[in-house]
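Colleague: let me see the structure of the following:
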Amino acid sequence: PHQIQELLDYIGRGSNRLHHVVDQMVFITQLEAGLLTPAGLREHGMAMHLSELLIAAVNLARRFAARSPDVSVRTQESDEDVFVWGDTNALKHALAEIIANALSFSPQGAEVVLSQWVAGHNTVIAIVDQGPGIPPQQLANALREFHQIDRGHYEQQGMGLGLPLARRLIEVHGGTLDIQSVVGRGTQVTVQLPLARES
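Modeller: Numbers count the residues shown, from 1 in each chain. Down below sits the predicted model:
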């Protein structure tokens, strides 16, 4: 029975990786084909409650994470009644990519912290991990497609599309993505998104 369970777990992980890559390729295709554009999102998007979006993104990130260490996710929301505008699946995927990276690079027993607050006409979401950090000379590579930092040491079984895709999806929603990292202390990814217009 334990061998069968190991095989089922292995198949499950492989299925999650394949599903993840397919999702990435679908969003890249939509972006390249002009199916996801700022104008289209303004016309056909919808208002999303940010708290619900973050919960969904954390759940999806757990499936995306290459490794499954005992890492907890703590959410600190300064402004709970916040809505953003756009494509629910695209924004959920973008945030899940960032959170999955934080989970995958965190040591066992560590904590990933999601903070959220409002600044002017934007909401700010900060995802902070306690991982190894990224050396300054490699920071730009983190946002290059098909590139993984220290792939030989941190085998992720991915294609190096997660953060570059997340940035593109966030930018098409009128937002920004910024990475700050300190070697030996961790990484912070900060996302800014416009608040939803009033209906």
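
Colleague: surely Ala100 forms part of a strand?
Modeller: No: applying DSSP: H, G, I helix; E, B strand; the rest coil, one finds Ala100 to be helix, outside a strand.

Colleague: is it true that it touches Val71?
Modeller: No: between Ala100 and Val71 there is no contact under Cβ atoms under 8 Å: 10.9 Å. C-beta: built from backbone N, CA, C; applies to glycine.

Colleague: settle it for me: which of those two has more neighbours?
Modeller: Ala100 (26 against 22; other Cβ atoms under 10 Å).

Colleague: show me where the chain has helices.
Modeller: 2-32, 38-44, 50-64, 88-105, 162-172 (DSSP state H).

Colleague: to Thr187, which of the ones you listed lies closest?
Modeller: Of all the helices of the chain, helix 88-105 sits nearest to Thr187, with 7.2 Å by Cβ to Cβ.

Colleague: still on that earlier bit, just so I know, which of the helices of the chain lies nearest Asp81?
Modeller: Nearest of the helices of the chain to Asp81, taken as Cβ to Cβ: helix 50-64 at 8.5 Å.

Colleague: and for that closest one, what's in contact with it?
Modeller: 16, 19-20, 68, 73, 75, 77, 80, 82-84, 88, 91-93, 95-100, 102-103, 114, 116, 123, 125, 162 (Cβ atoms under 8 Å, 6 or more residues apart in numbering).

Colleague: now list the buried members of the residues you listed.
Modeller: Among the contacts of helix 50-64, those scoring as buried are 20, 73, 77, 82-84, 91-93, 95-100, 102-103, 114, 116, 123, 125, 162 (criterion: 16 or more other Cβ atoms under 10 Å).
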